[in-house]
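Chemist: no sequence on this one, just coordinates:
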């Protein structure tokens, strides 16, 4: 295995995924706030709320188009860059992806056209239903993607078939209701809602600082402040749930996030600040909050949170059991009627993936030396410093969002939201922060799973396609170029729309069921 090829494959997928996820959270957040604004329009009949929905809808449409363009490419990479992954787990992983395309994406894509072109062709209630279906479609799309991703983090409801050499579904309901997937879904969409709220409040602050579109900006900020406060509180609460399921199912990831090398007496302290040293396997400096980690991650005062080094010792045992499963698998493949080999495999197959870690050091894994087993066990430790700091950046920004939206919400209730120029400037400069938090969170989620592409089942290096270095260098360069161009296009379009601002217009009916939009305050003779 050429590990440079593996690293480039990982880099390419990471780059395309993180580019794509620049667009997804804003789509999630804007879609629901558009639906809320249009609901107010239908209930009150006030045209300002329709114009708010239209303006933010244009921003949503630009972002949605870019999200689709960058997202489709990612799914093809499973077949091009990760061919063995697709073979090994395609029966499981492909199901939620297919449902996402058929149920969610088509729902969202179909009704988004009606959202833009149905204002004078549908009734108010009919168009409102369309807007809510767009929002639900966006969230259903995220649900099925995160069910697929959650299975990669916690592969439940499936088993390995020695005859086909593939993972196969045995309980699809377990895959759907995977606790890791459900926790990731609610945490991720809440982060998307925070992103949408911050986008609206930041752009509205820009309008107010420049004295433009004040009525629209004030109402938009009020909606965003209340929605953002609820969403930011949800992110922290649901992030706690995500941490709890990580404690249950991904102990090494949690230990790496905390730079906790040794198991501490329960309840463990939370590492507020540290300087982790991967080489010496210790922290050169650390500052702790007593008991916090144990209380949050185990929700008890008596359960221990295992450290990295004890988990490595446990991994050694699993690697050794995996070599038994690997040897039994070879025997079953050679003689399907070998009852003793089948019994041994069934007893140890859950550790088969750990034996594949030895493929980095030798092909005949059943003959691995103690030194090679120890190396394979230490391979289960992800790189600690990036995880440690990414997690703390995400958490710090999460609490900042709560404080920011709480102040904005309080000022909105006092009808003083536009009076504080300091808050407006803070809102304007806070615009990129949700994306920083989200990208840091995804780094924790995906980089923290290494060395596994499927936790405990399939090592990442074992899943890559047999591409050449030249193939990957060319495709990586092409993808980065195209994605950068798309990102620049998005920025240009967004800036153009925001600078132009919402159109001050009213719908003039022509008496035949149609109509035209004209500037507010102007007179127009409907065409017949």
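Modeler: Cool, the structure landed. All values reported here derive from a predicted model rather than from experimental measurement.

Chemist: tell me what the longest helix that the chain contains is packed against?
Modeler: As assigned by DSSP state H, the longest helix anywhere in the chain is helix 214-249. Helix 214-249 makes packing contacts with helix 24-44, helix 47-80, helix 179-209, helix 251-257, helix 292-298, helix 384-413 when contacts are defined by 3 or more C-beta pairs under 8 Å, 6 or more residues apart in numbering; DSSP states H and E. Backbone N, C-alpha and C define where each C-beta goes, glycine included.

Chemist: If we use 6 Å, what do you get?
Modeler: In terms of contact count using 3 or more C-beta pairs under 6 Å, 6 or more residues apart in numbering; DSSP states H and E, helix 214-249 is assigned the packing partners helix 47-80, helix 179-209, helix 251-257, helix 384-413.

Chemist: Can you name the next helix or strand after the shortest one?
Modeler: Using DSSP states H and E, the helix or strand that directly follows helix 251-257 along the chain is strand 270-277.

Chemist: now the angle from that next one to helix 384-413?
Modeler: Comparing the axes of strand 270-277 and helix 384-413 via axes from the mean of the first three to the mean of the last three C-alpha atoms, to 10 degrees yields an angle of 140 degrees.

Chemist: got the contact list for the helix or strand just after strand 270-277?
Modeler: Per DSSP H and E, the first helix or strand lying C-terminal to strand 270-277 is strand 282-289. Outside strand 282-289, the residues that touch it by C-beta atoms under 6 Å, 6 or more residues apart in numbering are 259, 261, 269, 270, 271, 272, 273, 274, 275, 276, 277.

Chemist: Name the residues of strand 282-289 that are buried.
Modeler: 282, 283, 286, 288 (16 or more other C-beta atoms under 10 Å).

Chemist: Tell me the strands beside it, with direction?
Modeler: strand 270-277 (antiparallel) (DSSP bridges).

Chemist: Just the buried residues of the partner strand, please?
Modeler: Those would be 270, 271, 274, 276, for strand 270-277 by 16+ other C-beta under 10 Å.

Chemist: and residue 288, bridged to which residues?
Modeler: Note on residue 288: beta-bridge partners residue 271, judged by DSSP bridges.

Chemist: how near is it to residue 391?
Modeler: According to C-beta to C-beta, to the nearest Å, residue 288 stands 15 Å off from residue 391.

Chemist: try residue 191
Modeler: Distance, residue 191 to residue 391, by C-beta to C-beta: 14 Å.

Chemist: When these two are compared, which one has more neighbours?
Modeler: residue 191 (28 against 23; other C-beta atoms under 10 Å).

Chemist: show me the contacts for the more buried one.
Modeler: 25, 235, 438.

Chemist: related to what we said a few turns ago, mean pLDDT lowest where, among the helices and strands packed on helix 214-249?
Modeler: For the helices and strands packed on helix 214-249, mean pLDDT drops lowest on helix 47-80, to a mean of 86.

Chemist: ok, then the element right after that helix?
Modeler: Following helix 47-80 toward the C-terminus (DSSP H and E): helix 83-99.

Chemist: which residues are contacting that next one?
Modeler: Applying C-beta under 6 Å, 6+ apart, the contact partners of helix 83-99 are 78-79, 144, 147-148, 158, 166-169, 453-454, 458, 463, 465.

Chemist: Ok, stretch 412-421 next?
Modeler: With C-beta under 6 Å, 6+ apart as the criterion, stretch 412-421 contacts 208, 218, 221, 222, 225, 411.

Chemist: ok, now stretch 25-43?
Modeler: 49-50, 52-53, 56-57, 60, 63-64, 67, 124, 128, 131-132, 134-135, 138, 189, 191-193, 195-196, 199, 227, 438.

Chemist: Buried among the residues you listed? Make that a PyMOL selection.
Modeler: A single PyMOL command selects the buried members of the contacts of stretch 25-43 (16+ other C-beta under 10 Å):
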select buried, resi 49+50+52+53+56+57+60+63+64+67+128+131+132+134+135+138+189+191+192+193+195+196+199+227+438
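
Chemist: hang on, the earlier thing: narrow the contacts of stretch 412-421 to just the buried residues.
Modeler: 208, 218, 221, 222, 225, 411.

Chemist: Could you list the domains of the protein?
Modeler: In terms of domains, the chain is parsed into 3-250+382-501, 259-381 (source: automatic domain parsing).

Chemist: Of those, which stretch is the most buried?
Modeler: Across the domains of the chain, averaging neighbours per residue (mean count of other C-beta atoms under 10 Å) puts domain 3-250+382-501 on top, at a mean of 19.

Chemist: Now do it: distance from first to last residue.
Modeler: Start and end residues of domain 3-250+382-501 are separated by 50 Å (C-alpha to C-alpha, to the nearest Å).

Chemist: just stretch 149-160 next, same as before
Modeler: When the termini of stretch 149-160 are compared using C-alpha to C-alpha, they are 19 Å apart.

Chemist: Give me the contact list for that stretch.
Modeler: 92, 167, 169-171, 174-175, 178, 180-181, 184, 249, 349, 454-455, 457.

Chemist: And residue 516, what's its pLDDT?
Modeler: 39.

Chemist: swap that for residue 302, sorry
Modeler: At residue 302, pLDDT is 84.

Chemist: for residue 293, same thing?
Modeler: Value for residue 293, per-residue pLDDT: 80.

Chemist: Quick check: it vs residue 282, distance?
Modeler: Distance from residue 293 to residue 282, by C-beta to C-beta: 17 Å.

Chemist: nearest residue to residue 100 other than its sequence neighbours?
Modeler: Nearest residue to residue 100, sequence neighbours excluded (C-beta to C-beta, 6 or more residues apart in numbering): residue 144, at 3.4 Å.

Chemist: element containing that neighbour?
Modeler: Using DSSP H and E, residue 144 falls in helix 124-153.

Chemist: sec struct for residue 160, please.
Modeler: Three-state assignment for residue 160 (DSSP: H, G, I helix; E, B strand; the rest coil): strand.

Chemist: actually residue 14, sorry about that
Modeler: helix.

Chemist: How about it: what's its closest non-neighbour residue?
Modeler: Nearest residue to residue 14, sequence neighbours excluded (C-beta to C-beta, 6+ apart): residue 446, at 7.3 Å.

Chemist: quick one: low-confidence parts of the chain?
Modeler: Counting by pLDDT under 70, the chain shows low-confidence ranges at 1, 104, 504-528.

Chemist: which ones are touching residue 374?
Modeler: With C-beta under 6 Å, 6+ apart, residue 374 has no contacts at all.

Chemist: Quick check: it vs residue 223, distance?
Modeler: Taken as C-beta to C-beta, the span from residue 374 to residue 223 is 57 Å.

Chemist: before we move on, back to that, quick check: the farthest pair among the contacts of stretch 149-160?
Modeler: 184 and 349 (26.2 Å; C-beta to C-beta).

Chemist: residues in contact with stretch 454-474?
Modeler: With contact meaning C-beta under 6 Å, 6+ apart, stretch 454-474 is reached by 1, 5-6, 8-9, 81-85, 88-89, 152-153, 155, 353, 356-357, 449, 451, 453.

Chemist: Need the distance between the two termini of it.
Modeler: OK, stretch 454-474 end separation, C-alpha to C-alpha: 27 Å.

Chemist: got it, and stretch 289-300?
Modeler: By C-alpha to C-alpha, the extent of stretch 289-300 from end to end equals 16 Å.

Chemist: out of the contacts of stretch 412-421, who's nearest residue 337?
Modeler: Closest to residue 337, out of all of the contacts of stretch 412-421 and judged by C-beta to C-beta, is residue 225, at 69.1 Å.

Chemist: check contacts around the closest one.
Modeler: 405, 408, 409, 412.

Chemist: how close does the residue nearest to it when sequence neighbours are not counted get to residue 215?
Modeler: If the residues on either side of it in the chain are set aside, residue 225 comes closest to residue 408, at 3.8 Å by C-beta to C-beta, 6+ apart. Applying C-beta to C-beta, the value for residue 408 to residue 215 is 18 Å.
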